[in-house]
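K.L.:
here is a sequence together with a model predicted from it:
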Amino acid sequence: MTAVSRRSVRIGVIASILTGVLLLLCCTGGTAAFFLSGLGGDGEDGDSLAGFGCGPIRPVDIVGELPRFTEYGDAQVRNAAIIIKVGQDLGVPSRGWVIALATAMQESALRNLANSDVPESLALPHEGVGADHDSLGLFQQRPGWGSVAERMTPSYTAGKFYEKLVKVRSWQRRPLTVVAQQVQISAYPDAYAKHEELASKIVDALAGGAARTVEINGKAVCDAAERGEIAASGWTAPIPGDVGSGFRTASRPSHNGVDIGAAKGTEIRAAAAGRVLVARCDPDNRGRRDCDVDGYPDKGGCGWYVDLLHAGGYITRYCHMVVQPRVRLHQIVPAGEVIGQVGSSGNSSGPHLHFEVHLRNDRSSRGAVDPVPFMRARGAPLRAAE
């Protein structure tokens, strides 16, 4: 039995015992959270988390004062804290906390929901009545997940979610909505993605920057997502290398991205899971499509390039590839997937990756933002040249 499984079983047993206590208390929020705090792991978890940096990352406190979010009330944020705390106690990498949180945000809006189809659930502490048949709790789990009392216990339901999550193949790299769907089997599988950004922010706020960490050799390291390593936010640097020409500088005001120097043939990776919008040769200034020849000064445009659409309406662009991209139109690619190689096609004076980030599904210059602070906020910083 794995460490995750052993701890999950321990959580389930303790949660069942506590259910009777919660029934007697008939409360939500502070007092219930006090008893649930006993589900936390041993002190070793807290000690190891404190050394990861980023804030530093800390064990989540589910009983004290919590940060405020305009989207959610105190009880909902406290449920979010319970979900993260269970993930910490089970030793699940912090990417799992973001996925679990986004899933609960979609399923219940972070409210512990009872259901009128299951009358006994109304006798348990709850924060609203759902309408989805016999589904209950934060994750709207059905009877196969446990008893009514168990599914109405936030710590138990979070533990069961993580137990299934870690069995999903390549779950840390695949799109959040795909992974969540494999755990939940929802009728609306595409809905989870819209919560990823806010889920990352809540994890950062409650656990001291945890969404910016990446698992390297079994340890969480802050702001180091590159070479295919994925931060808990779901992002990674497209290539390792130093930023040369920056975003919309005085000398290049129409430069809508940054140039990252690298040797020809260096592998370029998808900065996050997404769908391919474009994978083609960009016409030069004369309308020719000849991207297999280094461009400068005779060529214009991006040369061989790829545009990816990510959750939240973000678009990333990768220009000047040496040969045709390795991906095709409409393909779904996981974070860190190799999509091409560094080259000098198009308007390029030497091998490098021209990298852009766009907001609001806008591929034009109007949607472009500086990739440096954007990627830094997601734990996948682009290195500045010395």
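P.N.:
Sure thing, it's come through. Numbers count the residues shown, from 1 in each chain.
K.L.:
from now on I want contacts and neighbour counts done on CA atoms only, so please keep to that.
P.N.:
Noted.
K.L.:
quick one, what contacts Pro325?
P.N.:
Applying C-alpha atoms under 8 Å, 6 or more residues apart in numbering to Pro325 gives the contacts 279-280, 304-306, 339-341.
K.L.:
from Asp282, how far off is it?
P.N.:
Distance, Pro325 to Asp282, by C-alpha to C-alpha, to the nearest Å: 12 Å.
K.L.:
give me the common contacts of those two.
P.N.:
304-305.
K.L.:
which of the contacts of Pro325 lies closest to Ser348?
P.N.:
The shortest approach to Ser348 among the contacts of Pro325 belongs to Trp304, at 11.3 Å (C-alpha to C-alpha).
K.L.:
can you report how many residues lie near that closest one?
P.N.:
Per other C-alpha atoms under 10 Å, the neighbour tally for Trp304 reads 29.
K.L.:
what do you get for the one 5 residues further on?
P.N.:
In terms of burial, Leu309 registers 24 neighbours under the definition other C-alpha under 10 Å.
K.L.:
number of nearby residues for Ala123?
P.N.:
11.
K.L.:
for Lys264, same thing?
P.N.:
Using other C-alpha under 10 Å, the number of residues around Lys264 comes to 16.
K.L.:
show me what contacts it?
P.N.:
322, 341-344, 351-352.
K.L.:
got a ChimeraX select line for the buried ones in the residues you listed?
P.N.:
Burial among the contacts of Lys264 is assessed by 16 or more other C-alpha atoms under 10 Å; the matching ChimeraX selection reads:
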select :322,341,342,343,344,351,352
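K.L.:
and the contacts of Lys264 as CSV, adding secondary structure and pLDDT?
P.N.:
CSV is the format used below for those (DSSP: H, G, I helix; E, B strand; the rest coil; pLDDT from 0 to 100):
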residue, secondary structure, pLDDT
Val322, coil, 97
Gln341, strand, 98
Val342, strand, 98
Gly343, strand, 96
Ser344, coil, 94
Pro351, coil, 95
His352, strand, 96
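K.L.:
out of the contacts of Lys264, which is nearest to Arg151?
P.N.:
For the contacts of Lys264, the residue nearest Arg151 by C-alpha to C-alpha is Gln341; the value is 48.1 Å.
K.L.:
show me where the stretch 101-250 of the chain has its helices.
P.N.:
Along the stretch 101-250 of the chain, the segments classed as helices by DSSP state H, counting those that start in this stretch run 148-151, 154-165, 176-184, 196-207.
K.L.:
would you list the phi and psi of Ile260?
P.N.:
phi -110, psi 120 (degrees, to the nearest 10).
K.L.:
so what's it bridging to?
P.N.:
In this entry, Ile260 is beta-bridged to Val243, Leu353, by DSSP bridges.
K.L.:
for it, give its distance to Gly241.
P.N.:
6 Å.
K.L.:
who has more neighbours, those two?
P.N.:
Set Ile260 next to Gly241 and count neighbours by other C-alpha under 10 Å: Ile260 wins out with 24 against 19.
K.L.:
tell me who's in contact with the more buried one.
P.N.:
239, 241-245, 352-355.
K.L.:
list the buried residues of stretch 238-255.
P.N.:
Buried residues in stretch 238-255 (16+ other C-alpha under 10 Å): 238-247, 255.
K.L.:
ok, residues contacting it?
P.N.:
Here stretch 238-255 makes contact (C-alpha under 8 Å, 6+ apart) with 226-227, 256-262, 266-271, 336, 369-371, 382-385.
K.L.:
how about the helix or strand hosting His320 as PDB, C-alpha atoms only?
P.N.:
His320 belongs to strand 314-321 when assigned by DSSP states H and E. Output of strand 314-321 as PDB, limited to C-alpha atoms (Å, rounded to 0.1, in the frame of the first residue of the first chain):
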ATOM      1  CA  TYR A 314      -4.500  32.600 -22.400                       C
ATOM      2  CA  ILE A 315      -2.600  32.200 -25.700                       C
ATOM      3  CA  THR A 316       1.100  31.500 -26.000                       C
ATOM      4  CA  ARG A 317       3.100  31.900 -29.200                       C
ATOM      5  CA  TYR A 318       6.400  30.200 -30.200                       C
ATOM      6  CA  CYS A 319       8.200  31.700 -33.200                       C
ATOM      7  CA  HIS A 320      11.300  31.000 -35.500                       C
ATOM      8  CA  MET A 321      11.300  27.200 -35.200                       C
END
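K.L.:
what residues sit buried inside it?
P.N.:
The neighbour-count check on strand 314-321 (16+ other C-alpha under 10 Å) flags 314-321 as buried.
K.L.:
again, but for stretch 135-145
P.N.:
Buried residues in stretch 135-145, counted by 16+ other C-alpha under 10 Å: 135-142, 145.
K.L.:
pick the one among those residues closest to Val63.
P.N.:
Nearest member of the buried residues of stretch 135-145 to Val63, counting by C-alpha to C-alpha, is Leu138, at 18.2 Å.
K.L.:
residues in contact with the closest one?
P.N.:
Going by C-alpha under 8 Å, 6+ apart, Leu138 touches 104, 107-113, 152, 154, 157.
K.L.:
mind running it again at 7 Å?
P.N.:
104, 107-108, 110-113, 154 (C-alpha atoms under 7 Å, 6 or more residues apart in numbering).
K.L.:
need the contact list for the closest residue in space to it that isn't next to it in sequence.
P.N.:
With sequence-adjacent residues excluded and distances taken as C-alpha to C-alpha, 6 or more residues apart in numbering, Leu138 is closest to Asn112, at 4.8 Å. By C-alpha under 7 Å, 6+ apart, the contact set of Asn112 is 126-128, 137-138, 152.
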